[in-house]
Structure formats: structure tokens, C-alpha cells
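Peer 1: Could you work out the structure for the sequence below:
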Amino acid sequence: MTTAAAPFSGSKLACVRGGRLVFAGLSFTLEPGAALILLGPNGSGKSTLLRLMAGLLAPFSGRLAWGATAVSEDPEGHAARTHYVGHHDAIKPVLTVTENLRFWARLHQPHAETAGRAVTAALDRFALAHLAAIPGKMLSAGQKRRTNLARLLAAPAPLWLLDEPTTALDRRSIKSLEAVLAEHRAAGGMVVLSTHADIDLPGAVDLHLDRFAPKDDADDEMVL
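Peer 2: This next block holds a predicted model:
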């Protein structure tokens with residue numbers, strides 16, 4: 001599993017969506033092995049912050065950095081060390097479960113043999129081996145979510161950004177995810193996730209996005 005050698009941080013971040021200032025004055029520092037849980041009501045900016053952290057959105061102001069290097073100075077490097085799993089499951093309907101995972105694995109691992117082993121391990125870990133040859137369009141909501149999360153193991157990256165990862169999962173699958181998250185952190189990986197459900201993430205720090213709403217003028221830094 002890929003480890004993170006430098007902290008990931010944000011300083012005085014502000015984001016504007018649709019002409020509206022979503023949050024401002026938001027700072028954080030995420031050390032290797034740490035986890036951050038994004039909390040807040042709908043519209044407080046949880047998904048927006050995750051997309052900003054992934055480099056899919058540019059901050060209106062402020063700075064994201066990996067170690068001492070601004071993310072904006074090395075966007076390709078940041079994409080390579082980041083795994084973003086959003087609300088919608090990125091499952092190609094005509095590809096099998098294995099083919100979907102292999103697609104992601106080869107993006108992060110150029111060697112076919114290494115990618116193949118990673119895919120097999122991911123299938124087993126998320127209880128998908130019996131669905132390996134099933135097309136994406138035939139999967140249930142929970143099976144699609146597990147396939148999407150299996151990308152985390154099929155295509156290793158040090159920074160995991162997860163938007164409501166427990167959606168459509170049963171309790172057994174949530175336990176599997178919790179174990180995978182713990183192992184990732186133990187190896188030096190980082191986790192940022194948003195959730196409305198309980199998830200066991202020992203030592204994680206809660207970041208309440210509503211505290212950074214524009215009316216609050218919040219400018220406090222959180223260090224994990």
C-alpha cells in the first residue's frame with residue numbers, strides 16, 4: 001500500500017459555487033496516518049471541499065499543499081496520489097466488475113501483473129469475487145458501491161477522499177470498509193470522508209463545515 005511521506009494541508013480556503021460563497025477561512029493539516037471527518041447539514045460544502053481537495057475544483061482563495069509544494073504547482077502529481085470516490089458510483093455498465101476494477105488499476109499501476117494481483121485482492125476484500133464476471137448494469141446499489149470502494153485497493157494512493165462512502169452498504173460491508181480504512185492509515189495513508197452515518201474511524205478529527213459559513217468569519221486552523 002502506498003504511504004504518504006508529507007502532510008496534506010489547506011490554508012484559509014474559500015470556495016464559490018454558483019455565485020455563492022460556500023465556506024471561507026477554512027484551514028487544516030492532515031498528517032500521514034490521520035483522518036478527517038467532514039460534518040454539517042446539506043449545502044454546508046462537504047462535497048465541495050472534497051472535490052476541491054481532489055483538485056477537481058479550484059479554491060476561490062487560499063492554498064492547498066502537499067508538504068511545501070502547492071497542489072496547483074503539480075496537479076498531475078496530486079491526481080496520482082489521490083483517490084476520490086464521489087456520491088455517484090463510477091461503474092461502466094457494459095464492463096464486468098473485474099473489467100471496471102482493472103481499468104482503475106491500470107491507471108495507477110502500469111504493470112499488468114501487478115494490477116491483476118491488486119484487482120484480485122480487491123475483489124476478495126469487498127466480497128465481490130462471485131460477481132467478477134457480472135456487468136455493472138446488473139449490480140444492485142450495494143454491489144455498485146462495493147465495486148466503487150474496491151477501487152481503493154485496486155489502484156492504491158496515499159490520500160483517500162470519500163463522499164458518503166457507506167451509502168447503500170449493509171453493516172457487514174461497513175465493517176469491511178472500516179477495516180480497510182484502518183489498514184490504510186496504519187500504513188501511513190490519509191483519509192478524508194463525509195458522512196451522515198456512524199463509522200468507526202478511531203482518532204479521526206471532526207470538521208464541522210457549518211462553522212466556516214461566510215457569516216461566521218471562521219479562520220481557525222485544525223491540525224491533526
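Peer 1: mean confidence score for stretch 20-35?
Peer 2: Mean pLDDT, computed over stretch 20-35, is 96.
Peer 1: Can you dump the C-alpha atoms of it in CSV for me?
Peer 2: Extracted in CSV, the C-alpha atoms of stretch 20-35 (Å, rounded to 0.1, in the frame of the first residue of the first chain):
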residue,chain,number,x,y,z
ARG,A,20,-22.4,31.8,-3.7
LEU,A,21,-19.7,31.8,-1.1
VAL,A,22,-20.0,28.3,0.4
PHE,A,23,-17.2,28.5,3.0
ALA,A,24,-14.3,30.7,3.9
GLY,A,25,-11.4,30.8,6.3
LEU,A,26,-11.0,27.0,6.4
SER,A,27,-7.6,25.6,7.3
PHE,A,28,-6.5,22.1,8.1
THR,A,29,-3.4,19.9,8.3
LEU,A,30,-3.6,16.2,7.7
GLU,A,31,-0.6,14.2,8.7
PRO,A,32,0.3,10.7,7.4
GLY,A,33,-2.0,8.2,9.1
ALA,A,34,-4.6,10.8,10.1
ALA,A,35,-8.3,11.0,9.2
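Peer 1: How far does it sit from its chain's centre?
Peer 2: How far stretch 20-35 lies from its chain's middle: 14 Å, per C-alpha atoms, centre = their mean, to the nearest Å.
Peer 1: Tell me the helices and strands packed up against the helix ranked longest in the chain.
Peer 2: Ranked by residue count under DSSP state H, the longest helix found in the chain is helix 171-186. For helix 171-186, the packing partners by 3 or more C-beta pairs under 8 Å, 6 or more residues apart in numbering; DSSP states H and E come out as helix 141-154, strand 190-194. Backbone N, C-alpha and C define where each C-beta goes, glycine included.
Peer 1: right, and those - which one's nearest residue 48?
Peer 2: Nearest to residue 48 among the helices and strands packed on helix 171-186 is strand 190-194 (10.1 Å), distances taken as C-beta to C-beta.
Peer 1: which residues are contacting that closest one?
Peer 2: With contacts defined as C-beta atoms under 8 Å, 6 or more residues apart in numbering, strand 190-194 is touched by 4, 8, 30-39, 46-47, 50, 53, 158-165, 181, 184-185, 199, 201, 204.
Peer 1: Do a quick rundown of the helices in the chain.
Peer 2: Assigned by DSSP H, the chain shows helices spanning 46-53, 75-80, 97-108, 112-125, 141-154, 171-186.
Peer 1: before we move on, back to that, could you dump the helices and strands packed on helix 171-186 into TSV with mean neighbour count added?
Peer 2: As requested, these are arranged in TSV below (neighbours: other C-beta atoms under 10 Å):
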stretch	mean neighbour count
helix 141-154	23
strand 190-194	24
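Peer 1: could the ones you listed go into JSON lines alongside distance to residue 97?
Peer 2: Listed next are these as JSON lines, based on distance: least, C-beta to C-beta, whole Å:
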{"stretch": "helix 141-154", "distance to residue 97": "5"}
{"stretch": "strand 190-194", "distance to residue 97": "23"}
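Peer 1: if we can go back for a sec, closest to residue 86 out of the helices of the chain?
Peer 2: Between the helices of the chain, helix 46-53 lies closest to residue 86; by C-beta to C-beta that is 7.4 Å.
Peer 1: Tabulate the CA atom coordinates of that closest one in CSV.
Peer 2: Provided in CSV are the C-alpha atoms of helix 46-53 (Å, rounded to 0.1, in the frame of the first residue of the first chain):
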residue,chain,number,x,y,z
LYS,A,46,-18.8,18.8,2.4
SER,A,47,-18.9,17.5,-1.2
THR,A,48,-17.5,20.8,-2.5
LEU,A,49,-14.5,20.6,-0.1
LEU,A,50,-13.8,17.0,-1.1
ARG,A,51,-13.8,18.0,-4.8
LEU,A,52,-11.5,20.9,-4.0
MET,A,53,-9.1,18.6,-2.1
